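K.L.:
here is a sequence together with a model predicted from it:
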Amino acid sequence: MYGLVDCNNFYVSCERVFNPLLRNKPVVVLSNNDGCIIARSNEAKSLGIPMGAPLHLYKTLIEKNKIFIYSSNYTLYGDMSSRVMSSLNYFVPDMEIYSIDEAFLDLRKFNEKTISDKMFEIRQFVYQWTGIPVSIGVGPTKTLAKLANKMAKKHSPKGVYVLTMSEHLRNILSEIKLEDIWGISKGWANRLKSIGINNPFELQQSDPRQIRKLVSVVGERMVYELRGNSCLSLENIVDKKSITVSRSFGHMIDDKYNLKQALANHVARAAEKLRSQDSLCGEICVFINTNRFRKKDLQYNNSGILPFDDLTDNTNIIMKKAFKVLDRLYRPNYNYKKIGVILLDLKQRKKDVTNNDYIIQDNLFTYNKNHKNIANTSDIHMKILDDINTKMGKMTLFYGSQGVVKHSERKQIEKDKWRMRSFYRSPFYTTNWADILRVS
DNA sequence: TCTGGGGTCCTAGGACCC
DNA sequence: TCTGGGGTCCTAGGACCC
């Protein structure tokens, strides 16, 4: 089983820890420049304030109901987040920090019968140690755990909900919307509806290959996940693959000097982030935007990328390059609203990637050194995988593609082969293709 | 007047190699 | 008039997430 822990109204809860007077009162937290409402207490939610609402549209409602307003304090939230995460880690060693306020737990070593009690206990301790209330959803896959968490927030006053494969789950899936499933948003929901799939239950019952054609392997995985077949394992991604720092301006800016000033701040911050994760970057991207909400203004949105001669984490070097890009991008006579920098092509300074750790991308299942799951592949390789399966005692599902005529199909085969090769690079099997073919 | 910021993954298809 | 077969690497753009 997997668990998903989600902090309730996280930013608001953080503010409440340090100001208990805010308890049971309506509270909202604002974005940069106090522009949007990005967190709401339950009380504020029930007053009808939507997520991401522009503050100016709700001024009267806020004043009328005496809603408390806070500018965001990310340093505080970051600190509170790590306290919550280390509390969880105390109980569950295998976990994945998914976002600032969410973590997946690997509960497979826990006794299923007592899992619910255990979750209550964890929840209680986290609150005691950090002051942050959390909800915990438990399910056979990450996708179902995510759903269980939603159920916990909605229907369970004690904040814990355990979902198992049952008639009950079937009923739930029939009653909720496609968009309630993690990974499905409006665009995909519409596509699914266009082929007659109207709710998650129908998605669960559908032909995975058909879904793959419609919404890629990501959608195909969802089908299996909804059936209780785990396709997504816990990931311990500590290092970011790209680092962005950007801000909107409080006022419009049209001169290069001020843009440069802002860019300099962002670059310094980005370089700090880069060094704090011990990475080097190979490329820099700078982007500038005018105010997209002012339809009458002339619009100009552009970005530029430049490589570094050598990988670097040096602020000065990055800064010079950033200015160079800005020189190319800048056009006079526009009112600029936003500028940002993205560090790309990040590499680890310390190479601690072991040869045993093979992650296969672009497939249904991921396989790694923990053998949590196994990769899928084409029919051509079915027997080989079957053999591996027998030896490893794991379940495999297959996605087939045969015939090499069209370009796209060739690509498919190519990918399958690539997967297989990665597979055989694992410590358990030969890298010799002759051997592989003999097995099949 | 005022409208956030920071990420990841997947796919098709082009460039290029033997 | 015909125009192989197999393979790697890269990128833009489009999804999705919190």
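P.N.:
Arrived safely. From a predicted model like this one, the values you see are computed outputs, not experimental measurements.
K.L.:
and the pLDDT for residue A:274?
P.N.:
pLDDT for residue A:274: 94.
K.L.:
strands of chain A, start to end?
P.N.:
For chain A, strands defined by DSSP state E occupy the ranges A:2-7, A:27-30, A:37-40, A:68-71, A:95-99, A:102-106, A:134-139, A:160-162, A:243-253, A:279-290, A:301-312, A:336-344, A:347-348.
K.L.:
and for the residue of the stretch 1-150 of chain A found nearest DNA strand C, the neighbour number?
P.N.:
Closest approach between the stretch 1-150 of chain A and DNA strand C, counting by CB to the nearest atom of the strand: residue A:99, at 4.1 Å. In short, each C-beta sits where N, CA and C put it, glycine included. Look at residue A:99: counted by other CB atoms under 10 Å, it has 10 neighbours.
K.L.:
return the residues in contact with the closest residue to residue A:249 other than its chain neighbours.
P.N.:
Once flanking residues are discounted, residue A:249 sits nearest to residue A:337: 5.9 Å by CB to CB, 6 or more residues apart in numbering. Shown in contact with residue A:337 (CB atoms under 8 Å, 6 or more residues apart in numbering): A:248-249, A:252-253, A:289-292.
K.L.:
among those, which ones lie close to DNA strand B?
P.N.:
A:248, A:252, A:291 (CB under 7 Å from any atom of the strand).
K.L.:
residue contacts, residue A:13?
P.N.:
Contacts of residue A:13 by CB under 8 Å, 6+ apart are A:7, A:131-133.
K.L.:
what about the residue lying closest to residue A:110 once chain neighbours are set aside, how many neighbours?
P.N.:
Distances taken as CB to CB, 6+ apart place residue A:118 nearest to residue A:110, at 6.1 Å, with adjacent residues excluded. Look at residue A:118: counted by other CB under 10 Å, it has 18 neighbours.
K.L.:
pretty sure residue A:118 is touching residue A:105, no?
P.N.:
No: contact criterion CB atoms under 8 Å: residue A:118 and residue A:105 do not qualify, at 10.2 Å.
K.L.:
can you put the strands of chain A in TSV and add mean pLDDT?
P.N.:
Shown next, in TSV, are the strands of chain A (pLDDT from 0 to 100):
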stretch	mean pLDDT
strand A:2-7	98
strand A:27-30	97
strand A:37-40	96
strand A:68-71	96
strand A:95-99	95
strand A:102-106	97
strand A:134-139	98
strand A:160-162	98
strand A:243-253	93
strand A:279-290	92
strand A:301-312	89
strand A:336-344	94
strand A:347-348	84
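K.L.:
just name the most buried of those strands.
P.N.:
strand A:134-139 (a mean of 27; mean count of other CB atoms under 10 Å).
K.L.:
does it reach DNA strand C?
P.N.:
No: Strand A:134-139 lies apart from DNA strand C when judged by CB under 7 Å from any atom of the strand; the minimum separation is 11.5 Å.
K.L.:
stretch A:24-44 now?
P.N.:
No: residues of stretch A:24-44 contacting DNA strand C under CB under 7 Å from any atom of the strand: none, with a closest distance of 9.5 Å.
K.L.:
kindly export that stretch (C-alpha atoms) in PDB.
P.N.:
This file holds the C-alpha atoms of stretch A:24-44, laid out as PDB (Å, rounded to 0.1, in the frame of the first residue of the first chain):
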ATOM      1  CA  ASN A  24     -11.200  29.000  13.400                       C
ATOM      2  CA  LYS A  25     -11.000  32.400  11.600                       C
ATOM      3  CA  PRO A  26     -11.100  32.900   7.900                       C
ATOM      4  CA  VAL A  27      -7.600  33.400   6.600                       C
ATOM      5  CA  VAL A  28      -6.000  33.800   3.200                       C
ATOM      6  CA  VAL A  29      -2.300  34.000   2.000                       C
ATOM      7  CA  LEU A  30      -1.300  36.000  -1.000                       C
ATOM      8  CA  SER A  31       1.100  35.500  -3.900                       C
ATOM      9  CA  ASN A  32       4.000  37.800  -4.800                       C
ATOM     10  CA  ASN A  33       3.000  41.500  -5.000                       C
ATOM     11  CA  ASP A  34      -0.100  40.400  -3.100                       C
ATOM     12  CA  GLY A  35      -1.700  39.800  -6.400                       C
ATOM     13  CA  CYS A  36      -3.600  36.500  -6.000                       C
ATOM     14  CA  ILE A  37      -5.000  34.400  -3.200                       C
ATOM     15  CA  ILE A  38      -2.900  31.200  -3.100                       C
ATOM     16  CA  ALA A  39      -4.000  29.600   0.100                       C
ATOM     17  CA  ARG A  40      -7.300  29.700   2.000                       C
ATOM     18  CA  SER A  41      -8.500  28.300   5.400                       C
ATOM     19  CA  ASN A  42     -11.600  26.200   5.400                       C
ATOM     20  CA  GLU A  43     -13.500  29.200   6.700                       C
ATOM     21  CA  ALA A  44     -12.400  31.300   3.700                       C
END
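K.L.:
for the residue nearest to residue A:301 when sequence neighbours are not counted, what are its contacts?
P.N.:
Excluding the flanking residues, the one nearest residue A:301 by CB to CB, 6+ apart is residue A:289, at 4.8 Å. Each residue near residue A:289 by CB under 8 Å, 6+ apart is listed here: A:300-301, A:336-339.
K.L.:
would you map the helices across the stretch 151-300 of chain A?
P.N.:
A:167-175, A:186-194, A:200-205, A:208-226, A:256-276 (DSSP state H, counting those that start in this stretch).
K.L.:
where does pLDDT dip in chain A?
P.N.:
Scanning chain A for pLDDT under 70 picks out the ranges A:237, A:350-440.
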